[in-house]
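**Student:** requesting a structural model of the entry that follows:
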Amino acid sequence: MRITLKELAAQSGVHPSTVSRIVNDDPRLRVSAETRERVKDLLKKTGYRPDGMARGLKLRQSFVLGVLVPDVLNPLFAAIFRGVEDAALEEGYTVILSSTDGHEDRERDILLTLQSRMIDGMIVASATLRDSSVRWLRAHDVPHVLVNRYSDQTDYFVGTDDKLGARLATEHLLSLGHRRIAHLAGSPRYSTSLNRRRGYEEALKAAGIHPGPELIVETSLATGGGVVATHRLLEQRKPPTAIVAVNDVAAVGAYDAAEQMRLRIPADLAITGYNDIPLATRLRPSLTTIHVPAQEFGRAAARMLLEQMVAGRREPKRVVLPPELIVRGSTDPSRV
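**Tutor:** Reported below is the predicted structural model:
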């Protein structure tokens, strides 16, 4: 039979309300660390789980978080979601995942639906720089954190230094002797795309190279877009010898275009990506890319959101984790 709060209290030598408040991580509870650990050990030993519905009604919480991503099939966002879910489950929360497909109307519809289900907070990985949904979250005082991409309207963000990451990739190509380096650029509506383009341009300018507009081609953040954009670059009278792609998925498109044009990687064309998704190591040659700690993004975003909700802390906060250049065979012939 399922153990009750009263039975737990009798076994741990405290009042049932104390057990309940420890279960619910009530920040106002004042008990000794020894008592708290004794009760938590007993909870773990007995496998006690609170009645979620009764708990929610009592505390006026659903203990559910919403997560919005632009594309559930993109491994980057899958890793971010896993980090969110792991951190949320540790605190007794479940998570609802929704994909916006990059459409703001769909994003708004999802938000309204989730609000009707009384979710406690939102983690948004699909934000644009001037995102109407983020303004809506602020206006309705919904606890929220943006992850990977930021918005001009938010005070809460977890991500990486995208400008630095793109600069590292471009400097790596420069160090190999490349001077005609192109960029598969994402839409400037996204902070990730905008900052990665800035990092690419800064690295070239620091090397005394002016990045000509013909070498910057905007692409969708998908393989097909990378194929089309790379063909545009390689069909120029003076094609590039290297490409900095806005993400790994677009870089896969660059691989496909190079193969279609019978170019060797990296001998004829060096390619770098961004994000270090699992596919990067399976390509032949494997992809030089910028590694970002995607699961840690998710865990940090969940912790920041729970801090807002549980402790009531609403001070502006940004967590920026460092990017790391991972050199593989797509730029270094010795690693093919």
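**Student:** helix, strand, or coil at Val84?
**Tutor:** Val84 carries the three-state label helix when classified by DSSP: H, G, I helix; E, B strand; the rest coil.
**Student:** now do the contacts for it.
**Tutor:** For Val84, the contacting residues are 65, 67, 95, 123, 147, 298-299, 301-302, taking Cβ atoms under 8 Å, 6 or more residues apart in numbering as the criterion. In short, each C-beta sits where N, CA and C put it, glycine included.
**Student:** can we see that at 7 Å?
**Tutor:** With contact taken as Cβ atoms under 7 Å, 6 or more residues apart in numbering, Val84 is in contact with 67, 95, 123, 298, 301-302.
**Student:** go on, Ala222?
**Tutor:** Contacts of Ala222 by Cβ under 7 Å, 6+ apart are Val249.
**Student:** if you set the cut-off to 8 Å instead, what comes out?
**Tutor:** Contacts were defined as Cβ under 8 Å, 6+ apart; by that measure Ala222 touches 249-250, 253.
**Student:** then Pro316?
**Tutor:** With contacts taken as Cβ under 8 Å, 6+ apart, Pro316 has the following neighbours: 155-156.
**Student:** the bottom helix or strand of this structure by mean pLDDT?
**Tutor:** Of all the helices and strands that make up the chain, the one with the lowest confidence by mean pLDDT, DSSP states H and E is helix 52-59; it has a mean of 46.
**Student:** for the contacts of Val84, which one is nearest Arg117?
**Tutor:** Top of the list for closeness to Arg117, among the contacts of Val84 and by Cβ to Cβ, is Val95 at 12.6 Å.
**Student:** so for the helix or strand containing Lys45, what gets flagged as buried?
**Tutor:** Following DSSP states H and E, the helix or strand that holds Lys45 is helix 33-46. Applying a neighbour-count criterion of 16 or more other Cβ atoms under 10 Å, one finds 38-39, 42-43 buried in helix 33-46.
**Student:** for it, packing partners?
**Tutor:** Packed against helix 33-46, as judged by 3 or more Cβ pairs under 8 Å, 6 or more residues apart in numbering; DSSP states H and E, are the following elements: helix 5-12, helix 16-23.
**Student:** mind listing the strands for the stretch 51-200 of the chain?
**Tutor:** For the stretch 51-200 of the chain, the strands defined by DSSP state E, counting those that start in this stretch cover 64-69, 94-99, 121-124, 144-147, 156-160, 181-185.
**Student:** with that, I have no additional questions.
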